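Participant: okay, here's the prediction I keep looking at, along with the sequence it came from:
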Amino acid sequence: MLNISQNSIRKHVDISGYESYIMTLAPERSKKIRRVFIGFVIVLFGFLFLPWTQNIRAKGFLTALKPEQRPQTIQTVIGGRIEKWYVQEGDYVDKGDTILFISEVKDDYFDPALLVRTQKQIEAKEQAAESYRENANAIENQIEALKLNNKLRLMQAENRVEQSLLKLQADSIQLEAVKVNFEIARVQFDRMQELFNEGLRSLTEFEARKQRFQADQANLISAQNTLLSTRNDYLNAVMELNTIDNDFRERLAKANSDRFKVLSDLYDTEATITKLQNQLSNFQIRFGLYYIIAPQSGYVIQAKQVGIGENIREGTEIVSIMPAVYDLAVEMYVDPIDLPLVRVDSKVRFIFDGWPAVVFSGWPQISNGTFGGKVFAMDRFISPNGKYRILVVPDPDDVPWPQALRLGSGAEGIALFQDVPVWYEIWRQLNGFPPNYYEEPQLNLWRK
């Protein structure tokens with residue numbers, strides 16, 4: 001029984017009749033279980049060396065890739081009162097279609113002829129500006145005439161000064177000649193007086209000489225008087241020359257003052273015209289804002305204001321429009337610990353709400369019902385929820401996303417990383433380590 005001997009008795013003794021001995025033998029079922037268990041262990045051990053695709057999961061929702069393709073709210077630029085609706089929720093509108101008409105509520109714009117009256121004010125101011133402009137031109141012509149007249153008067157005065165100077169020189173020469181004659185006449189008179197005293201000349205000859213001497217003396221005095229008069233005329237001519245220039249400066253200053261005043265009035269009028277034109281443009285634009293139009297083609301999804309006769313302020317939300325054409329993207333959020341592993345163009349698999357899927361995270365090749373995407377952009381600053389936002393667009397090399405997807409639907413993203421053995425992934429998960437890097441992460445995480 002202990003199988004000590006090498007000689008077996010099974011050939012000589014029938015042990016099937018011994019029940020207690022039979023109970024010590026191993027049954028065939030136990031052998032099968034053992035074989036199955038050993039096989040399972042071998043398969044499990046082999047399973048640990050199968051390739052496993054590392055991944056991280058993140059929740060998100062569908063959105064539009066471009067900001068102008070996302071739902072937008074139309075607001076009023078001016079305040080007013082709702083008069084008429086042209087659309088209702090669910091309607092499709094083209095760009096430029098009228099959505100709502102509002103009327104004026106401010107008394108500054110109640111006048112129905114406001115534009116016409118403002119235009120007339122502009123025309124009146126333009127005529128006043130033209131009058132000022134012509135007046136300024138007339139004063140400018142007057143200034144030119146003053147300059148020309150002053151030039152001619154200066155030429156005349158300079159001529160008179162030159163004439164006076166020449167006459168002064170002539171009179172000075174004439175005075176010198178008269179002085180010479182007077183000296184000669186004095187010498188002759190003294191000689192005649194001596195001769196007369198000596199009795200060599202008659203009284204008649206002496207009186208004749210005396211008479212000529214007195215005439216030469218009178219000529220000397222006359223020449224001196226003429227020179228003084230000529231000198232006085234020369235001084236008067238010089239003074240007149242200076243007076244003409246001073247008078248011209250005074251008249252020119254007055255004319256320039258009048259011109260500057262007219263120009264100042266002209267500029268004030270032109271400023272008023274510009275202000276009125278600005279007001280007219282504002283009035284025209286404001287009247288055009290009574291009709292609220294669609295900024296782009298899309299669907300009216302929600303009316304923020306309702307009713308007729310309701311007053312609204314400027315900046316009030318009116319309706320929300322969903323653009324008809326948009327590029328789908330998924331806005332998902334990842335934990336900060338996983339962010340360094342994600343980069344632009346990284347592959348992502350998605351499970352969309354409402355679309356059944358069979359997912360094997362580690363073996364994306366055998367998953368069914370998932371859709372591919374790639375990272376388009378990443379935020380550089382953390383979101384209020386403590387995670388980083390990532391935009392993912394459809395992968396052009398993968399199956400297209402369903403056409404029935406709508407913005408706002410939920411999506412679960414699975415970011416795929418390096419292939420590692422199963423045992424390594426189990427060990428990583430147990431120790432809380434992040435997935436492995438493909439390579440050094442890129443510094444530029446935003447597309448240009």
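Facilitator: On my side now, so go ahead.

Participant: all strands of the stretch 51-200 of the chain, in order?
Facilitator: For the stretch 51-200 of the chain, the strands defined by DSSP state E, counting those that start in this stretch occupy 51-64, 72-75, 80-85, 92-93, 98-103.

Participant: typo on my end, the stretch 201-350 of the chain
Facilitator: Chain-ordered strands for the stretch 201-350 of the chain, with DSSP E, counting those that start in this stretch as the definition, fall at 291-293, 298-303, 311-312, 317-323, 328-334, 347-352.

Participant: nearest to residue 397, of the strands of the stretch 51-200 of the chain?
Facilitator: Across the strands of the stretch 51-200 of the chain, residue 397 has its closest neighbour in strand 51-64 (17.1 Å, CB to CB). All C-beta spots, glycine's among them, are computed from the backbone N, C-alpha and C.

Participant: enumerate every residue touching the closest residue to residue 94 other than its chain neighbours.
Facilitator: Counting by CB to CB, 6 or more residues apart in numbering, the nearest residue to residue 94 once its immediate chain neighbours are dropped is residue 297, at 5.0 Å. When contacts are counted by CB atoms under 8 Å, 6 or more residues apart in numbering, residue 297 touches 92-95, 323-325.

Participant: confirm that residue 372 sits in a strand.
Facilitator: Yes - in this structure, residue 372 lies within a strand as judged by DSSP: H, G, I helix; E, B strand; the rest coil.

Participant: need the contact list for it.
Facilitator: Contact analysis of residue 372 by CB under 8 Å, 6+ apart lists 347-350, 394-395, 397-399.

Participant: need the longest helix for this protein.
Facilitator: Ranked by number of residues, the top helix in the chain under DSSP state H is helix 203-288.

Participant: coming back round to it: would TSV of the strands of the stretch 51-200 of the chain with mean neighbour count be doable?
Facilitator: Formatted as TSV, the strands of the stretch 51-200 of the chain follow (neighbours: other CB atoms under 10 Å):
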stretch	mean neighbour count
strand 51-64	19
strand 72-75	15
strand 80-85	17
strand 92-93	18
strand 98-103	18
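
Participant: out of the ones you listed, which gets nearest to residue 188?
Facilitator: Put simply, out of the strands of the stretch 51-200 of the chain the one that sits nearest residue 188 is strand 80-85, at 120.9 Å, with distance taken as CB to CB.

Participant: any idea how far the closest one is from the chain center?
Facilitator: Here the centre of strand 80-85 is set off from its chain's centre by 34 Å, with CA atoms, centre = their mean, to the nearest Å.

Participant: how about stretch 192-202?
Facilitator: The mean C-alpha position of stretch 192-202 is separated from the chain mean by 118 Å, CA atoms, centre = their mean.

Participant: go ahead and confirm residue 390 touches residue 333.
Facilitator: Yes - under the criterion of CB atoms under 8 Å, residue 390 makes contact with residue 333 at 7.2 Å.

Participant: so between the two, which is more surrounded?
Facilitator: residue 390 (26 against 18; other CB atoms under 10 Å).

Participant: for the more buried one, helix, strand, or coil?
Facilitator: The local conformation at residue 390, judged by three-state DSSP, is strand.

Participant: just to revisit the earlier point, overlap in contacts of residue 390 and residue 333?
Facilitator: Where contact means CB under 8 Å, 6+ apart, the residues bridging residue 390 and residue 333 through contact with each are 58, 60.

Participant: quick one on the thing from earlier: rank the strands of the stretch 201-350 of the chain by pLDDT, which is bottom?
Facilitator: When the strands of the stretch 201-350 of the chain are compared on mean pLDDT, strand 347-352 scores lowest, with a mean of 83.

Participant: show me what it is packed up against.
Facilitator: Secondary structure elements in contact with strand 347-352, counted by 3 or more CB pairs under 8 Å, 6 or more residues apart in numbering; DSSP states H and E, are strand 328-334, strand 371-378, strand 410-421.

Participant: tilt between that strand and strand 371-378?
Facilitator: Orientation note: strand 347-352 sits at an angle of 120 degrees relative to strand 371-378 (axes from the mean of the first three to the mean of the last three CA atoms, to 10 degrees).

Participant: residue 284 touches residue 118, doesn't it?
Facilitator: No - between residue 284 and residue 118 there is no contact under CB under 8 Å: 9.4 Å.

Participant: which of the two has more residues huddled nearby?
Facilitator: Using other CB under 10 Å as the criterion, residue 284 and residue 118 rank with residue 118 on top: 19 against 13.
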